[in-house]
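Asks: predicted coordinates and the sequence they were generated for:
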Amino acid sequence: MISYTKKAIVLCMIMLFAVVALAGCGSSTPTQKKEENNAVAELKKKGKIVVGTASGYFPFEMADKKGELVGFDVDVAKAIAKELGVQVEFQNYAFSGLIPALQAKKVDIVIAGMTISDKRKEVVDFSDTYFKSGQALLVNKQFPNIKTWEDLDKPGNVIAVSMGTTADQTASKMFKNATVKKFEGSAYAGLELINGKAAAVVHETPWVAIYHRQHPDNTYPILEPFTTENLGIAVPKGNQELVTWLNTFLKKYNGSEEYKKSYAYWFVDMPWWDSVPPKK
């Protein structure tokens, strides 16, 4: 029997966060094809693509009981490597360290549930959307009267967020009376909540639903999102050749049987649940 929260995940994922159908890109000119081939050739020559991510964002990227990185974003990265015919190497960072790592050329791309935003586009480029999401609330049961973000925005309430995320940026703008407290990662923000030191966590809906399932005794979710966000793959600023290749890949991958299988595994059927240690 599917639990209430699991049903919520299914409904939210299917009804609110289906991937955007990508528009046709049109035919490429010979120059565009040459540039694209040059960008891809560099990765093929290296024999691998290095992907920056931030483990702990369930179910996008997380460590299983063997310590191996798994998740929806991991599947996307592996599909990209397969299409390129190269190996994939993951480099794990705090979320706030991902863009600096990309700028320093420590990673080739970033796949980490990263929202496409104008601020980020000042320093990196993005692929087209591969997933739609939105910010929601996970509330400590000590605060049963909180039903909306307006209820949360009261003096004395502490809101925990992961530093450098869209949740951080959104909460800092929206909440004028409550205190926004920033942490180096989602796991630490969650700990602040379940330890009773925060009234709520602002995070994307998949994380809120799954973290609640891990901690049902002292949290409750408000899953209706108060933002709509597009997740994209970040690449170094100015690398339009790689952006073009990724967009071509995503046009084929989004909505494919491989995509649907991955989506169902991580968001709907969730057979992975017992193989991934819960965040305490």
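Replies: Nice, I can see it.
Asks: helix, strand, or coil at residue 76?
Replies: Classification of residue 76 using DSSP: H, G, I helix; E, B strand; the rest coil returns helix.
Asks: and the contacts of stretch 134-150?
Replies: 16-17, 151-152, 157, 166-167, 170, 174-175, 190, 193-194, 196, 198-205, 208, 211-212, 217-229 (C-beta atoms under 8 Å, 6 or more residues apart in numbering). C-beta: built from backbone N, CA, C; applies to glycine.
Asks: buried subset of those as a PyMOL selection?
Replies: To isolate the buried ones among the contacts of stretch 134-150 in PyMOL, judged by 16 or more other C-beta atoms under 10 Å, type:
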select buried, resi 17+151+152+157+166+167+170+174+175+190+193+194+198+199+200+201+202+203+204+205+208+211+212+219+220+221+222+223+225+227+229
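Asks: strands - which of the contacts of stretch 134-150 land there?
Replies: Here DSSP state E is the test, and these give 200, 201, 202, 203, 204, 219, 220, 221, 222, 229 as lying in strands.
Asks: quick one: residues contacting the fifth one.
Replies: The reference is to residue 204. Listed by C-beta under 8 Å, 6+ apart, the contact set of residue 204 reads 113, 133, 134, 135, 136, 166, 167, 229.
Asks: of those, closest to residue 64?
Replies: Closest to residue 64 out of these is residue 113 (17.7 Å), distances taken as C-beta to C-beta.
Asks: give the contact list for residue 85.
Replies: Per C-beta under 8 Å, 6+ apart, neighbours of residue 85: residue 44.
Asks: any idea how far it is from residue 48?
Replies: Residue 85 is 11 Å from residue 48, where distance means C-beta to C-beta, to the nearest Å.
Asks: before we move on, what about residue 242?
Replies: With C-beta to C-beta as the criterion, residue 242 and residue 48 are 15 Å apart.
Asks: more neighbours: which of those two?
Replies: residue 242 (23 against 14; other C-beta atoms under 10 Å).
Asks: ok so that one is a helix residue?
Replies: Yes - applying three-state DSSP, one finds residue 242 inside a helix.
Asks: wait, isn't it in contact with residue 41?
Replies: No - assessed by C-beta atoms under 8 Å, residue 242 is found out of contact with residue 41, at 11.4 Å.
Asks: ok, residue 180 touching residue 174?
Replies: No - if you go by C-beta under 8 Å, residue 180 and residue 174 don't touch, sitting 9.1 Å apart.
Asks: low-confidence ranges in this protein?
Replies: By pLDDT under 70, the weakly predicted segments of the chain are 1-37, 278-280.
Asks: and it, what are its domains?
Replies: 40-133+229-268, 134-228 (the TED database).
Asks: need the ones you listed in JSON lines with distance to residue 277, can you?
Replies: Below are these laid out as JSON lines (distance: least, C-beta to C-beta, whole Å):
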{"stretch": "domain 40-133+229-268", "distance to residue 277": "6"}
{"stretch": "domain 134-228", "distance to residue 277": "10"}
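Asks: tell me which of those lies nearest to residue 275.
Replies: The nearest among the domains of the chain, by C-beta to C-beta, is domain 40-133+229-268 at 5.1 Å.
Asks: beta partners of residue 87?
Replies: residue 48 (DSSP bridges).
Asks: residue 188: neighbour count?
Replies: When neighbours are counted by other C-beta under 10 Å, residue 188 registers 16.
Asks: name the SS class of it, please.
Replies: Under three-state DSSP, residue 188 falls in the helix class.
Asks: ok, which stretches of the stretch 101-250 of the chain are helices?
Replies: Using DSSP state H, counting those that start in this stretch, the helices found in the stretch 101-250 of the chain span residues 118-121, 149-152, 166-174, 186-194, 205-214, 240-253.
Asks: in a markdown table, list these along with distance to residue 233.
Replies: As requested, those are exported to a markdown table (distance: least, C-beta to C-beta, whole Å):
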| stretch | distance to residue 233 |
| --- | --- |
| helix 118-121 | 12 |
| helix 149-152 | 29 |
| helix 166-174 | 15 |
| helix 186-194 | 20 |
| helix 205-214 | 17 |
| helix 240-253 | 6 |
